[in-house]
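# Take this sequence and fold it.
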Amino acid sequence: MSVDGGPDEAPKNQKNLVAWVSVFKEYDLDTIFVFTHAPGSSAYNQVERRMAPLSKDTSGLVLPFDIHGSHLNRSNKTIDEELERKNFKGV
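From the prediction side, this is the model:
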């Protein structure tokens, strides 16, 4: 398995190790290899290469999240699902 090495995927992190062990056990694998690209080598990561044009086009773009008012309460929990749909649909 190839991962990009970011904090959410790095195989050195305890939570990720636990997740990979559960995959190993669930699928009754004989072995599992998880590797990352070296730091600064994300240019070789296929996903990041495909996302680069998207990132370039949207850099600096600010999207308002509450076009129709806020659908969240003070704890940032959704309180109005219909309003949430409207906000994410946009104008």
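
# how does this structure divide into domains?
1-60, 61-91 (automatic domain parsing).

# Lowest average confidence across those, which one?
Among these, domain 61-91 carries the lowest mean pLDDT, at a mean of 76.

# so how far is residue 71 from the residue most central in space within the chain?
Geometric centre of the chain, nearest residue: residue 8, 7.9 Å, by CA atoms, centre = their mean. Using CB to CB, to the nearest Å, residue 8 is found at 26 Å from residue 71. Using the backbone N, CA and C atoms, a C-beta is placed for each residue, glycine as well.

# CA atoms only for stretch 1-17 - export them in CSV, please.
Only the C-alpha atoms of stretch 1-17 are listed here, as CSV (Å, rounded to 0.1, in the frame of the first residue of the first chain):
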residue,chain,number,x,y,z
MET,A,1,0.0,0.0,0.0
SER,A,2,1.4,3.4,-1.0
VAL,A,3,0.5,6.4,1.2
ASP,A,4,1.6,10.0,0.9
GLY,A,5,3.2,10.1,4.4
GLY,A,6,1.1,13.0,5.7
PRO,A,7,0.1,12.9,9.3
ASP,A,8,-3.3,11.3,8.5
GLU,A,9,-1.6,8.3,6.6
ALA,A,10,2.0,8.0,7.9
PRO,A,11,2.6,4.4,9.0
LYS,A,12,4.7,5.6,11.9
ASN,A,13,1.7,7.0,13.8
GLN,A,14,0.1,4.7,16.4
LYS,A,15,-3.5,5.1,15.1
ASN,A,16,-2.5,4.2,11.6
LEU,A,17,-0.6,1.2,12.8
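
# So which bits of that stretch are buried?
Neighbour-count burial for stretch 1-17 flags 3, 5, 16 (criterion: 16 or more other CB atoms under 10 Å).

# This completes my enquiry, with thanks.
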